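> my questions concern the predicted model and sequence given below.
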Amino acid sequence: MNQKKLMILGASKLQLPAIVKAKEKGLYVIALDMNKNSVGVDYADEFYEISTIDVENIMRKAEDLNIDGIMTLATDMPMRAVATVGERLGLNTINYETAIRATDKAKMREQLSYYDVPIPFFSSVRTYEDFKRVVNSFQGDLIIKPADSSGSRGIHLLKDRNELEKIYKYSKKFSRSGEIIIEEYMKGPEVSVETITINGETYVIAITDKITSGPPYFVEMGHSIQSLLPDDIKKNIKEVAKAAISAIGIDNSPAHTEIIITNQGAKIVELGARLGGDNITTSLVPLATGIDMVGACIDLAIGNKPDINQKFNKGSAIRYFNSHEGILSKIDGIEKAKNNVGIIEISLLKQIGDRIHNIRSSTDRIGYIIAQSESAQKAIDICQKTINEIKIIIK
């Protein structure tokens, strides 16, 4: 039997779990990345120095190599290339229109609004004049964000109307299309919903509780599974997530749907037609449920039936280190902390001597701790206790 060829867009640490898992499954792995020094390069069977958003060259390479499947992990914009290749070659992917709706926040909200999926007030603008007009017509606090960015880049809570131009320019800097989303600021617990849709049927794998750095930048600083919210709220969350996935048109794909529970119920923040990042689906889901979502998505991509049966019910959590501006000069206590009961991983994303910035996007975070226990709360407590034992000195 011929070895099936899977093309994976991206070879960074984010995509490494997919490359490794695909190899374990006996697939021939072709990785593409604009960085030839990416960590995943050495794990793939073939590597090509092509950007994950260079649709034309990805298409050409996919046709030349006669691939059997294509996918990416935890990143939004490569989904447009995945969908283009999938449509052209008849592979198991979402279609291009769905990829656009899942990666353009303005089109996403228009689609959700059309199908009456609960969302906050929003408006999309391209000029400062329109931005000023919309902002000044709304009384409450607003979230300003780029229409097509990720990793919390360019997001800002607008309270002070005296800083309009500064905030507009900050958000615009991160928008590829130049489009800005103005959105009602929703208050309430925030979750993400990890799902996989197979032949049009959506299965909820987990609801993930989330904490952020709060205003003004809302950078994600922790996640935990299973959700500690009451059952009636979790039921509402699942219903709204499934309605959003259907409205966007996702039929064969994982999805990562972000939701805030307001006093009017669950409302969509946004969704991606891909696995959740921040170690949610690569670590937290399997630690809490035994479900290998990466493996399931690989199977889906090559046309095999994914295994999404829950194996056990435990708790898992990730917490990121808080930090401030300065030079990272010393870290003490990590090796000892790795021996704490329940600790799965302690990882540093910066090195001694690095310039550390105040946390304004996910790239500013300096490291994290992952824990597993019999409940989500216990896993959270283990993370917090361990963070307190590690001394990080930034001068």
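Happy to help now that I have it. Numbers count the residues shown, from 1 in each chain.
> let me see the ranges of the strands in the stretch 51-200 of the chain.
Ranges of strands within the stretch 51-200 of the chain are 69-71, 122-125, 142-146, 156-158, 180-184, 190-198, based on DSSP state E, counting those that start in this stretch.
> what sits up against the second one?
Put plainly, it is strand 122-125. The contact list for strand 122-125, computed with C-beta atoms under 8 Å, 6 or more residues apart in numbering, reads 105-106, 109, 131, 134, 147, 179-184. All C-beta spots, glycine's among them, are computed from the backbone N, C-alpha and C.
> measure residue 42 to residue 11 for me?
9 Å (C-beta to C-beta, to the nearest Å).
> more neighbours, the two?
Taking other C-beta atoms under 10 Å, residue 42 and residue 11 do not tie; residue 11 has more neighbours (29 against 10).
> distance-wise, check that one relative to residue 51.
12 Å.
> equivalent analysis for residue 107, please.
22 Å.
> residue 221 now?
From residue 221 to residue 51 the distance is 30 Å (C-beta to C-beta).
> just residue 325 next, same as before
As for residue 325, its distance to residue 51 is 31 Å (criterion: C-beta to C-beta).
> quick check: angle from the longest strand seen in the chain to strand 190-198?
Criterion DSSP state E: the longest strand present in the chain is strand 201-212. Relative orientation of strand 201-212 and strand 190-198, computed by axes from the mean of the first three to the mean of the last three C-alpha atoms, to 10 degrees: 160 degrees.
> helices or strands up against strand 201-212?
Judged by 3 or more C-beta pairs under 8 Å, 6 or more residues apart in numbering; DSSP states H and E, strand 201-212 is in contact with strand 190-198, strand 220-225, helix 231-248, helix 285-289.
> dump the ones you listed into a markdown table; add mean pLDDT and distance to residue 354 as well.
Shown next, in a markdown table, are the helices and strands packed on strand 201-212 (pLDDT from 0 to 100; distance: least, C-beta to C-beta, whole Å):
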| stretch | mean pLDDT | distance to residue 354 |
| --- | --- | --- |
| strand 190-198 | 98 | 29 |
| strand 220-225 | 97 | 19 |
| helix 231-248 | 98 | 37 |
| helix 285-289 | 98 | 29 |
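> Throw these into TSV and include distance to residue 34 and mean neighbour count, thanks.
Shown next, in TSV, are the helices and strands packed on strand 201-212 (distance: least, C-beta to C-beta, whole Å; neighbours: other C-beta atoms under 10 Å):
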stretch	distance to residue 34	mean neighbour count
strand 190-198	28	24
strand 220-225	25	24
helix 231-248	27	19
helix 285-289	28	23
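> and residue 308, which of those is closest to it?
Among these, strand 190-198 comes nearest to residue 308, with 6.0 Å by C-beta to C-beta.
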